[in-house]
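S.K.: Build me a model:
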Amino acid sequence: MMASTPACNPVNRFSSHARCLIMDYFNCLDAFVRVAEVGNFSEVARQLRVSKSVVTSRIKQLEAHVEVPLFHRSTRNVSLSQVGQLYYDECAQLVSRANEIVDGMRSARQAPTGLLRVHGLPGLVVSHMARFLTTFSEKYPGISFDFVVNDEVIDPVKAGYDCALQIFAPISDDLIQRKLFPVHRTFCASPAYLGIHEPIAHPIDLTRHALGLYSRYPSRDKWVFENGEKQCQVELSPAFKSNSVHFLKEIALEGLGVVCLPTIACAEDINEGRLVPVLTDYWLSSYWLSAVYPKTQRNSVRLKLFLDELTLAFPHQPGWDEILASKVSFPPPNAFLGD
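M.R.: As a prediction, the model looks like this:
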C-alpha cells in the first residue's frame with residue numbers, strides 16, 4: 001500500500017487546522033490589545049498593515065467568543081468596557097509573553113529578524129546613530145529599522161513605535177523608561193563672534209548678547225546656573241529660538257550669536273576649535289536620554305538587543321563628554337531633571 005502523503009494524513013490535517021485556529025485567536029487578542037491601547041481602529045490597522053475591516057472583524061470575533069462587548073464605541077471615541085478593562089490586563093500580559101516565546105524560539109534557531117520602529121531625538125540620531133548602526137547591523141543583519149527623527153514627546157503605543165529615544169519622562173504610566181546616558185548642555189559661540197563682542201564672565205552677561213536657545217526645554221526662558229558655591233537664575237530673551245539644535249549650531253558657527261547646545265551635538269566642533277564654550281565655571285542641570293517603550297514590548301528580543309547594544313556603545317559618560325571633560329564643567333550626578 002502506498003504511504004499517504006502529509007496532505008492526506010488526518011493527523012496532519014487536524015494539526016494544521018488547530019494551528020490556524022490558534023493563530024486566528026492570537027491575532028484577535030493582539031488586535032484587541034492594540035485597540036485598547038491606541039483607542040483607534042484605523043491607527044491599529046495602519047500599524048498591522050491590514051484594512052480597518054480586518055481589525056473590526058477580529059474584535060467582533062473575540063467579543064462573540066467571550067459573549068460580552070469589550071468596547072464602548074461612538075463616532076469619535078473607542079473606550080474599554082468595564083469587562084474589557086479586566087480582560088485587557090490579562091490579554092496584554094498574554095500577548096507580550098507569546099511574542100517573547102516566539103522571539104526566543106526564532107533566536108534559538110537563527111539570527112533575530114524583523115523591523116524595529118524607533119522615534120529618535122535628532123541630536124542622537126543625526127550625529128551618532130549611523131555609526132552605531134554600522135556595528136549593530138554587522139552583528140544582527142536580520143533586524144531592519146524605520147527611524148522617525150524629531151523631538152516631539154510621544155506615546156509610542158498610540159503612535160505605533162517600538163520605542164522612543166527622548167530626554168523627557170514618559171507621558172503615561174503604561175510606558176517603561178530605561179535611562180541610557182546623561183545629556184549635558186553648554187553655552188558656546190564661534191571664535192569670530194567672541195573676538196568682537198564683550199566677554200562673558202557671569203551668566204548675567206548673556207543678556208547683552210544675541211542668543212540662540214532651544215524652544216522645547218520646560219524651563220522656558222528662566223535659566224539656572226550653578227558653580228558649586230551658589231546658584232544664579234537669569235531670564236534670557238533669545239534672538240533665535242528653534243526646536244532644532246543642529247540649526248542653533250549653524251547659527252553659532254556663522255557667528256550670529258551665543259547658543260546653548262547639548263554636548264552630544266557640539267563636542268566635535270568645540271574639540272576642533274570651531275566653537276568655544278563660555279561660562280565654563282558654571283553648569284546647567286542635565287537630562288537623561290531614555291528609551292521609552294510599551295510594557296507589552298518589554299520582552300521583545302529585537303528591542304532588548306537594540307537597547308543593550310546602545311548601552312554598551314553609549315555609556316554613562318559618552319565619548320563626546322570625555323573629550324570635553326577639561327573644557328566644560330559638568331553637573332554632579334544629582335543635578336538631573338526628570339529623575
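
S.K.: domain assignment for this protein?
M.R.: Taking automatic domain parsing as the domain assignment, the record places the domains of the chain at 6-108, 112-182+287-318, 185-277.

S.K.: Just give me the lowest mean pLDDT stretch among those.
M.R.: If you rank the domains of the chain by mean pLDDT, domain 6-108 sits at the bottom with a mean of 77.

S.K.: where along the stretch 101-250 of the chain do the strands fall?
M.R.: Counting by DSSP state E, counting those that start in this stretch, the stretch 101-250 of the chain forms strands over residues 114-120, 143-149, 163-166, 175-183, 185-189, 211-214, 222-226, 231-235, 240-242, given from the N-terminal end onward.

S.K.: which one of these lies closest to Pro332?
M.R.: With C-beta to C-beta as the criterion, Pro332 lies closest to strand 222-226 of the strands of the stretch 101-250 of the chain, at 9.1 Å. All C-beta atoms are positioned from the backbone trio N, CA, C, and that covers glycine.

S.K.: Wait, Glu43 touches Asp155, no?
M.R.: No: judged on C-beta atoms under 8 Å, Glu43 makes no contact with Asp155 at a distance of 11.4 Å.

S.K.: Now tabulate the domains of the chain in CSV and tack on mean neighbour count and distance to Pro332.
M.R.: Conversion of these to CSV gives the following (neighbours: other C-beta atoms under 10 Å; distance: least, C-beta to C-beta, whole Å):
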stretch, mean neighbour count, distance to Pro332
domain 6-108, 15, 38
domain 112-182+287-318, 18, 11
domain 185-277, 17, 8
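
S.K.: mind checking which of these is nearest Leu324?
M.R.: When the domains of the chain are ranked by proximity to Leu324 (C-beta to C-beta), domain 185-277 comes first, at 5.3 Å.

S.K.: Off-centre distance for the closest one?
M.R.: Mean C-alpha position of domain 185-277 versus that of the full chain (C-alpha atoms, centre = their mean, to the nearest Å) differs by 26 Å.

S.K.: Can you give me the end-to-end span of it?
M.R.: Length of domain 185-277, first residue to last, C-alpha to C-alpha, to the nearest Å: 10 Å.

S.K.: ditto for stretch 182-193
M.R.: Distance across stretch 182-193, first residue to last, is 29 Å (C-alpha to C-alpha).

S.K.: Check the offset of it from the chain's centre.
M.R.: Relative to the centre of its chain, stretch 182-193 is centred 25 Å away, using C-alpha atoms, centre = their mean.

S.K.: from memory Tyr140 sits against Leu133, does it?
M.R.: No: with contact defined as C-beta under 8 Å, Tyr140 and Leu133 do not form a contacting pair (10.1 Å).

S.K.: the helices in the stretch 1-150 of the chain, which residues?
M.R.: Taking DSSP state H, counting those that start in this stretch as the test, the helices found in the stretch 1-150 of the chain are 10-38, 41-48, 52-66, 82-109, 122-124, 130-139.

S.K.: Kindly report the same for the stretch 201-339 of the chain.
M.R.: Under DSSP H, counting those that start in this stretch, the stretch 201-339 of the chain gives helices at 245-253, 263-271, 301-313, 319-322.
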